[in-house]
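Colleague: build me a structure from this.
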Amino acid sequence: MIKPGHYNYIDFSRGVAILLVIMVHTGQHVSGFDGFLKKITSWGQMGVQLFFVASALTLCISWHSRGNERRKGLKFFIRRFFRIAPLYYLGIVFYFALSWVDSRYMEGYFARNFNYTPSRVMDNMFFLHGLSQRSNNNIVPGGWSIGAEFLFYFSFPIIMMASTVVFKRNGLLKISLCMFIISLGWFLYVSTRHGSYILNSYWYYNVLSQLPAFAFGMLLYITLYKINFKINSKLYCAMALLVVVSICIFNAQKNGALIWLNISIASSAFFMIILVVSKLNLRVSLIENIGVVSYSMYISHFVLVWFFVPVLSREIEGYVNGAISFCVMYLITVFAAYFISKMLYKYVESPFIKAGKNITKKIDSFTK
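Modeller: You can find the predicted model right below:
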């Protein structure tokens, strides 16, 4: 049985994921930044799929490391809730206040992208916004990914039960294939019922579209812990090719089958990257440290890219070209977000993660 613990290669993966996400959002708000480099940086939004791959892998490790733990599903959900919810709730309050200030005392550009009503806020508080087109991504910036991930958390114990009870032999592999089929069915439904499957629409953000990314995380668990897989040169070539293909598709297509397929293409590349990092035990402490606080960085970096990057980049636009301006803004955003997130991790994330663990221990004492 796998022992529960800390996995450096997962921290590395999350670190790369948040660096990709910050890359695309910074590029979107740098004044004068355009051209080929911007097309490359725009692919950074696929960092969310890297988060999903790493998340599914982490859940599989956590689930199997606990063996036949009593009330396993309930404890799993409690730990996940206390890991995600407190910081997300803080994000709701903070961005509501920021939107209010922006709409009354500033230009209102940020506020126009968000719509705070009681029903939409409640959807987000109960993590149902992943199922609601009206509240999917207009309360907390980037909240769509939290909604999709939480719905996967909610269904994960059922997925694990199905993999052992329904399929039994090679259950995790079979359930992963089922997830691909379900996602394909969702794509076909959206394409026929709604006319077009569009990048960054509610239909794209829906967890059913993102199932292939989670499935690759589960397949990665099988590859790392169930079979003896060896790294070779062909893997490096395939990994590089998939990244290039994914970037080309992302910039060439904004709707249609290739957009849905690109989730799998990018996720398969991330599958290989994590596999290589794990097998070779590659260590980059800075990226691993960023990975530890990546959730806080995800929630907090939006205030920097929406309010500070545009102003600062306009100030230096006359002195440097757009590419240099982007690099400067990117580094400033990463390090500022990291500093903020160290505080958030220490005073928000860690205490509530610990609280969740304590509650699961009390469940055992109550049921003895």
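
Colleague: what distance do you get for Gly47 to Ala162?
Modeller: Distance, Gly47 to Ala162, by C-beta to C-beta, to the nearest Å: 29 Å. Bear in mind the C-beta positions are built from the backbone N, C-alpha and C, glycine included.

Colleague: which of these two has more residues huddled nearby?
Modeller: Gly47 (25 against 16; other C-beta atoms under 10 Å).

Colleague: surely that one meets Arg14?
Modeller: No. If you go by C-beta atoms under 8 Å, Gly47 and Arg14 don't touch, sitting 9.6 Å apart.

Colleague: sec struct for the closest residue to Val276 other than its chain neighbours, please.
Modeller: Computed as C-beta to C-beta, 6 or more residues apart in numbering, the closest residue to Val276 that is not its neighbour in sequence is Ile231, at 6.0 Å. Counting by DSSP: H, G, I helix; E, B strand; the rest coil, the backbone at Ile231 sits in coil.

Colleague: could you pull up phi and psi at Ile231?
Modeller: phi -80, psi 140 (degrees, to the nearest 10).

Colleague: list the contacts for it?
Modeller: Residues near Ile231 by C-beta atoms under 8 Å, 6 or more residues apart in numbering: 275-276, 279-280.

Colleague: can you select the buried ones from those residues in PyMOL?
Modeller: Provided next is the PyMOL selection string for whichever of those are buried by 16 or more other C-beta atoms under 10 Å:
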select buried, resi 275
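
Colleague: mind listing what's buried along the helix or strand where Thr333 lies?
Modeller: Take DSSP states H and E as the rule and Thr333 turns out to sit in helix 322-344. For helix 322-344, a neighbour-count test (16+ other C-beta under 10 Å) marks 322-323, 325-326, 328-330, 332-334, 336-338, 340-341, 344 as buried.

Colleague: now do stretch 289-301
Modeller: Those would be 290-301, for stretch 289-301 by 16+ other C-beta under 10 Å.

Colleague: again with stretch 202-215
Modeller: Quick answer for stretch 202-215 (16+ other C-beta under 10 Å): 202-215.

Colleague: again with stretch 94-110
Modeller: Buried-residue list, stretch 94-110, by 16+ other C-beta under 10 Å: 95-96, 98-99, 102, 110.

Colleague: what average pLDDT does that stretch get?
Modeller: In this model, stretch 94-110 has an average pLDDT of 93.

Colleague: contact partners of that stretch?
Modeller: With C-beta under 8 Å, 6+ apart as the test, stretch 94-110 has contacts from 111, 114, 116, 121, 139-141, 302-303, 306-307.

Colleague: for stretch 176-188, same thing?
Modeller: 197, 203, 206, 208-212, 214-216, 218-219, 257, 260, 263-264.

Colleague: among those residues, name the ones in helices.
Modeller: Among the contacts of stretch 176-188, the members found in helices (DSSP state H) are 203, 208-212, 214-216, 218-219, 257, 260, 263-264.

Colleague: quick revisit: closest to Phe150 among the contacts of Ile231?
Modeller: Closest approach to Phe150 among those (C-beta to C-beta): Leu275, at 26.3 Å.

Colleague: surely that closest one meets Leu220?
Modeller: Yes. Counting by C-beta under 8 Å, Leu275 does reach Leu220; the two are 6.5 Å apart.

Colleague: before we move on, back to that, between the contacts of stretch 94-110, which is nearest Ser65?
Modeller: Lowest distance from Ser65 to the contacts of stretch 94-110 (C-beta to C-beta) belongs to Val140, with 30.9 Å.

Colleague: not counting sequence-adjacent ones, nearest residue to the closest one?
Modeller: Excluding the flanking residues, the one nearest Val140 by C-beta to C-beta, 6+ apart is Gly91, at 4.4 Å.

Colleague: report the distance from the helix or strand harbouring the one you found to the chain centre.
Modeller: In the assignment (DSSP H and E), Gly91 maps to helix 72-105. Relative to its chain's centre, helix 72-105 lies at 15 Å (C-alpha atoms, centre = their mean, to the nearest Å).

Colleague: between helix 322-344 and that helix, find me the angle.
Modeller: Interaxial angle of helix 72-105 relative to helix 322-344 (axes from the mean of the first three to the mean of the last three C-alpha atoms, to 10 degrees): 120 degrees.
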